[in-house]
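Enquirer: Provide a 3D model corresponding to the input given below.
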Amino acid sequence: MDNQPKRPMIDVQNKPDDRNKPIHKVGIKNLRYPLNVLDRKNRFQKTVANINMYVDLPHDTKGTHMSRFVEMLHERKPEVSLKTFSILLSEMKAHLKAQRAHIEVTFPYFVEKKAPASGAHGLMDYTCRIMGASDPDDNVDLVLEVIVPISSVCPCSKEISRCGAHNQRGEVRLAVRFDKFVWIEDMIELVESCASCEVYSVLKRVDEKYVTEKAYEHPKFVEDVVRDVAIALDADSNILWYSVSAENFESIHNHSAYAHITSDVTPVPSGAMPAKPIP
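Expert: Purely as a prediction, here's the structure:
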C-alpha cells in the first residue's frame, strides 16, 4: 500500500461554478470560543462567545474555505474587541478573496451589582452582541447591542386599582452605532435608569421592600421605557444611530407588551458605512 502513488489533494472549493448565482453570506455559525472583552472596571473580562463569520462568494466560485475562518480567529486570540474588528474583517476579505465580510459575536457579560438597601453583592449577566461588516471599499460598520432585564409596574393598573398594581419582568434590547468608544456598562445603566426598577441577582428582605416600592412609585408602560431611552440617546452626540425595544412578559395577560423605536438616519463619520441595520 505504501508503494502506491498518492492521489493529488484536489481543492474542490476553488473549482468553478456555472450556475451564475452569487452568495451573499457563506461561512461558519455558532462557533463557541473564549473571549476577552473590555471591562470598564477591571480592564478585561473573560467570557465565552458564540461567533458567526461570513463572507460573500462570487457567482463563478464553488465554495469558500471554512477552516480559514477559525484560523484567522485563532490568530487574534484571546482578544476580540471593538478595536480589533476592523482588522479581522479586512483579513477575512483578503484571505478568502471576498468583497464583503460580516462577523457577529454574542456573549454573556457580567456586572457586579450591590443590592440597593443591604449592599449585598451579586453578579448580573447581560447578553451582548457585537456585529461588524466591511464593504468592498473597506468601510466598516459596527453595531453594539445589549439585552437588559428590567422590572415594570403598569401605570393603568395602578391608576384604576383600589390598592396595588400588577408588575412584571421585562427585557430591553438596545443597539447603537457610535462615533467614539461606548462602554457596555454605560448602555446597561442607561436602560436601567429608564425602567420602573432594576433587576438584581441578590436581594435581602430590606431590598425586596425597596425595589417593590421604587417600582410602584415609577410605573412605566413599554412605550414609556423606549421613549425615555430614545430621548437620552438623542441628547448624546456620540450616538449616531440606535434601535431600542422593550418587551414586558405580562403577569396578568396571555401575551407580551412590546414597543420599538429606531432613530432617524444621521450623518456618520468619514469612512463609516451608512446607518442601516445589519441583516
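
Enquirer: give me the next element, helix or strand, following the longest helix along the chain.
Expert: Longest helix in the chain by number of residues, with DSSP state H as the criterion: helix 82-96. Moving toward the C-terminus from helix 82-96, the next helix or strand (DSSP states H and E) is strand 101-114.

Enquirer: quick one on the thing from earlier: and the longest helix of the chain, what's buried?
Expert: 85-86, 88-89, 91-93, 96 (16 or more other CB atoms under 10 Å). Quick note: C-beta positions are derived from backbone N, CA and C, even for glycine.

Enquirer: burial check on Asn50, number of neighbours?
Expert: 16 (other CB atoms under 10 Å).

Enquirer: shouldn't it be within a strand?
Expert: Yes. Applying DSSP: H, G, I helix; E, B strand; the rest coil, one finds Asn50 inside a strand.

Enquirer: quick one: it from Val26, how far?
Expert: 18 Å (CB to CB, to the nearest Å).

Enquirer: ok, Leu89 next?
Expert: Distance from Leu89 to Val26, by CB to CB: 15 Å.

Enquirer: is it true that Ala232 touches Glu189?
Expert: No. Between Ala232 and Glu189 there is no contact under CB atoms under 8 Å: 10.5 Å.

Enquirer: circling back to that earlier point, just the CA coordinates for the longest helix of the chain, please, in PDB.
Expert: Once non-C-alpha atoms are left out, helix 82-96 reads as follows in PDB (Å, rounded to 0.1, in the frame of the first residue of the first chain):
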ATOM      1  CA  LEU A  82     -14.300  46.600  19.000                       C
ATOM      2  CA  LYS A  83     -10.800  47.800  18.300                       C
ATOM      3  CA  THR A  84      -9.800  44.600  16.500                       C
ATOM      4  CA  PHE A  85     -12.900  44.100  14.500                       C
ATOM      5  CA  SER A  86     -11.800  46.200  11.600                       C
ATOM      6  CA  ILE A  87      -8.500  44.200  11.300                       C
ATOM      7  CA  LEU A  88     -10.300  40.900  11.400                       C
ATOM      8  CA  LEU A  89     -12.900  41.900   8.800                       C
ATOM      9  CA  SER A  90     -10.100  43.100   6.500                       C
ATOM     10  CA  GLU A  91      -8.200  39.800   7.000                       C
ATOM     11  CA  MET A  92     -11.400  37.800   6.200                       C
ATOM     12  CA  LYS A  93     -11.800  39.600   2.900                       C
ATOM     13  CA  ALA A  94      -8.100  39.300   2.000                       C
ATOM     14  CA  HIS A  95      -7.600  35.600   2.800                       C
ATOM     15  CA  LEU A  96     -10.900  34.500   1.300                       C
END
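
Enquirer: please state the offset of that helix from the chain centre?
Expert: Centre-to-centre, helix 82-96 and its host chain are 19 Å apart (CA atoms, centre = their mean, to the nearest Å).

Enquirer: ok, now stretch 27-41?
Expert: On CA atoms, centre = their mean, the centre of stretch 27-41 falls 11 Å from that of its chain.

Enquirer: can you give me the buried ones in it?
Expert: 27-28, 33, 35-39.

Enquirer: next: stretch 217-237.
Expert: Buried residues in stretch 217-237 (16+ other CB under 10 Å): 218-222, 224-230, 232-233.

Enquirer: was I right to think Ile252 contacts Asn167?
Expert: No. Between Ile252 and Asn167 there is no contact under CB under 8 Å: 9.8 Å.

Enquirer: could you check which of these two has the larger neighbour count?
Expert: The neighbour comparison of Ile252 against Asn167 (other CB under 10 Å) goes to Asn167, with 23 against 9.

Enquirer: circling back to that earlier point, now, among the buried residues of stretch 217-237, which is nearest to Leu144?
Expert: Closest to Leu144 out of these is Leu233 (12.6 Å), distances taken as CB to CB.

Enquirer: pretty sure the closest one sits in a strand.
Expert: No. Under three-state DSSP, Leu233 sits outside any strand and is assigned helix.

Enquirer: which residues are in contact with it?
Expert: Contacts for Leu233 (CB atoms under 8 Å, 6 or more residues apart in numbering) come out as 176, 190, 239, 242, 244, 263.

Enquirer: from one end of stretch 56-69 to the other, what's the distance?
Expert: 13 Å (CA to CA, to the nearest Å).

Enquirer: contacts for it, please.
Expert: 12-28, 31, 53, 55, 92, 95-96, 98-100.

Enquirer: just the buried ones from these, in ChimeraX syntax?
Expert: Command for ChimeraX that selects the buried part of the contacts of stretch 56-69, burial taken from 16+ other CB under 10 Å:
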select :23,26,27,28,53,55,92,96,98,100
